[in-house]
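Trainee: Generate coordinates for the sequence data below:
(one chain, ligands or ions: 1)
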Amino acid sequence: MSRAVRLEGLAVDYGRTSRRAAVPVLDRTDLEFPAGSFTALLGPSGCGKSTLLGAVAGFVRPAAGRVAVGGTQVCGPGPDRGMVFQQYALFPWRTARGNVEFALKRFGLPRTERRRRALAALAEVGLADGVERYPAQLSGGMQQRVALARALAAEPDVLLLDEPFGALDALTRTRMQELLRRLWQRTGTTVLFVTHDIDEALALAERVVVLGGTPGRVLGDHAVPEGPADPALRARIAGHLGTG
Ligand SMILES: Nc1ncnc2c1ncn2[C@@H]1O[C@H](COP(=O)(O)OP(=O)(O)OP(=O)(O)O)[C@@H](O)[C@H]1O
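Mentor: Numbering: from 1, shown residues only. From the prediction side, this is the model:
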C-alpha cells in the first residue's frame with residue numbers, strides 16, 4: 001500500500017532551553033506528496049532536508065504545524081514508514097538475515113514470519129546468496145542493500161531515504177539507483193529521497209523539491225518529465241541552488 005504524506009505549516013527548531021532561544025531550522029512549510037509518488041528533496045548542506053525527513057519519520061518533533069501520513073497525524077516512528085540512512089548502521093555481530101529479522105522484532109511478528117519476510121526482502125534487493133554473511137564480509141553496496149531490505153521488510157507505505165547512496169562508488173551507486181526505481185515501480189510506495197546531487201535527483205524522481213536558506217524553506221518545486229534529461233530543467237534547479 002502507499003499513502004500520501006502531507007506537511008501542514010511544519011516548522012522545526014533545535015536547541016530550545018530555559019536560557020536559550022530556539023534556532024529555527026525549517027520555516028513553516030506546506031507540502032503534499034501524493035500516494036505512490038517519488039520525490040527528491042534537494043538542497044545545500046544544513047538547509048533542513050534530514051530534519052524534514054526526520055519529522056515525517058517521527059524522530060523530530062515539530063515546533064509548529066504537523067505531518068500527516070494517509071491523513072493520520074504523525075506522533076512518533078511507526079512501521080508504516082521505513083528509513084534508510086547514508087550510514088548503513090548494521091549490527092556487525094548479526095548476519096544480513098539477522099539484521100533484517102531483528103528490525104522486524106519491534107512489530108511483534110512471529111519468528112517464522114520475520115524469517116520469511118527477511119529472506120524475501122534480501123532476495124528482492126539481490127542478496128539471496130549473501131543472507132548468512134556478516135556486514136564485514138559484505139561490500140558497501142551490499143551493506144546498503146541489507147539496509148534497504150531492512151526498511152522494505154516492514155512493508156512500509158512510505159520509504160524515507162537520507163542520502164542513501166552518498167558513500168558508494170559511482171558504478172555501485174548507479175546500480176542501487178536502478179534497484180530503487182524498480183522497487184518503487186513494483187511496490188508503489190511513496191518515496192522521499194534526500195540528496196544534494198542534482199543529477200541523482202533528476203535520474204530518480206518524478207518531482208524535485210529544492211530547499212534552501214536559513215531556516216530552510218521551499219525554493220522550487222519541479223515535475224520531472226519522463227525521458228531524456230532536460231538541460232533547461234537542470235539549469236533552473238541549479239539556479240535555485242546558486243550553482244548554475
Ligand atoms: N539535533 C540537532 N540539534 C541541534 N541542531 C541540529 C540538530 N540536527 C540538525 N541540526 C542543525 O539543523 C540544521 C539543519 O540540519 P539538517 O541535517 O536537517 O540539514 P541537511 O540539509 O540534511 O544537511 P546535510 O545535507 O549536511 O545532511 C543544521 O544547521 C544543523 O546543524
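
Trainee: Quickly note the distance from Ala64 to the ligand.
Mentor: Relative to the ligand, Ala64 is positioned 16 Å away (criterion: Cβ to the nearest ligand atom, to the nearest Å). Quick note: C-beta positions are derived from backbone N, CA and C, even for glycine.

Trainee: Report pLDDT for the closest residue to that residue other than its chain neighbours.
Mentor: Leaving aside its sequence neighbours, Ala64 sits nearest to Ala11 (Cβ to Cβ, 6 or more residues apart in numbering; 4.1 Å). pLDDT recorded at Ala11 is 94.

Trainee: next structured bit after the helix or strand encompassing Ala11?
Mentor: Element membership for Ala11, per DSSP states H and E: strand 5-14. Of the helices and strands lying after strand 5-14 in sequence (DSSP H and E), the nearest is strand 23-33.

Trainee: If we go by neighbour counts, what in that following strand is buried?
Mentor: For strand 23-33, a neighbour-count test (16 or more other Cβ atoms under 10 Å) marks Pro24, Val25, Leu26, Asp27, Arg28, Thr29, Leu31, Phe33 as buried.

Trainee: That one close to the ligand?
Mentor: Yes. Interface with the ligand: strand 23-33 contributes Val25 (Cβ under 6 Å from any ligand atom).

Trainee: Then stretch 43-57?
Mentor: Yes. Using Cβ under 6 Å from any ligand atom, we find that stretch 43-57 touches the ligand at Gly43, Ser45, Gly46, Cys47, Gly48, Lys49, Ser50, Thr51.

Trainee: Turn these into CSV, columns for neighbour count and secondary structure.
Mentor: Formatted as CSV, these follow (neighbours: other Cβ atoms under 10 Å; DSSP: H, G, I helix; E, B strand; the rest coil):
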residue, neighbour count, secondary structure
Gly43, 24, coil
Ser45, 7, coil
Gly46, 12, coil
Cys47, 24, coil
Gly48, 25, coil
Lys49, 26, helix
Ser50, 21, helix
Thr51, 20, helix
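
Trainee: any chance of those residues in a markdown table, plus pLDDT and distance to Arg106?
Mentor: Output for those, formatted as a markdown table (pLDDT from 0 to 100; distance: Cβ to Cβ, whole Å):
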| residue | pLDDT | distance to Arg106 |
| --- | --- | --- |
| Gly43 | 93 | 31 |
| Ser45 | 89 | 32 |
| Gly46 | 88 | 31 |
| Cys47 | 90 | 31 |
| Gly48 | 91 | 28 |
| Lys49 | 93 | 26 |
| Ser50 | 93 | 22 |
| Thr51 | 94 | 24 |
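
Trainee: among these, which two are most distant?
Mentor: For the residues of stretch 43-57 next to the ligand, with distances taken as Cβ to Cβ, the pair at the greatest spread is Ser45 and Thr51 (12.2 Å).

Trainee: before we move on, back to that, OK, contacts around the residue nearest to Ala64?
Mentor: Pro24, Leu26, Asp27, Arg28, Thr29, Pro62, Ala63, Ala64, Gly65, Pro215 (Cβ atoms under 8 Å, 6 or more residues apart in numbering).

Trainee: go again using 7 Å as the cut-off
Mentor: Residues near Ala11 by Cβ atoms under 7 Å, 6 or more residues apart in numbering: Pro24, Leu26, Asp27, Arg28, Pro62, Ala63, Ala64, Gly65.
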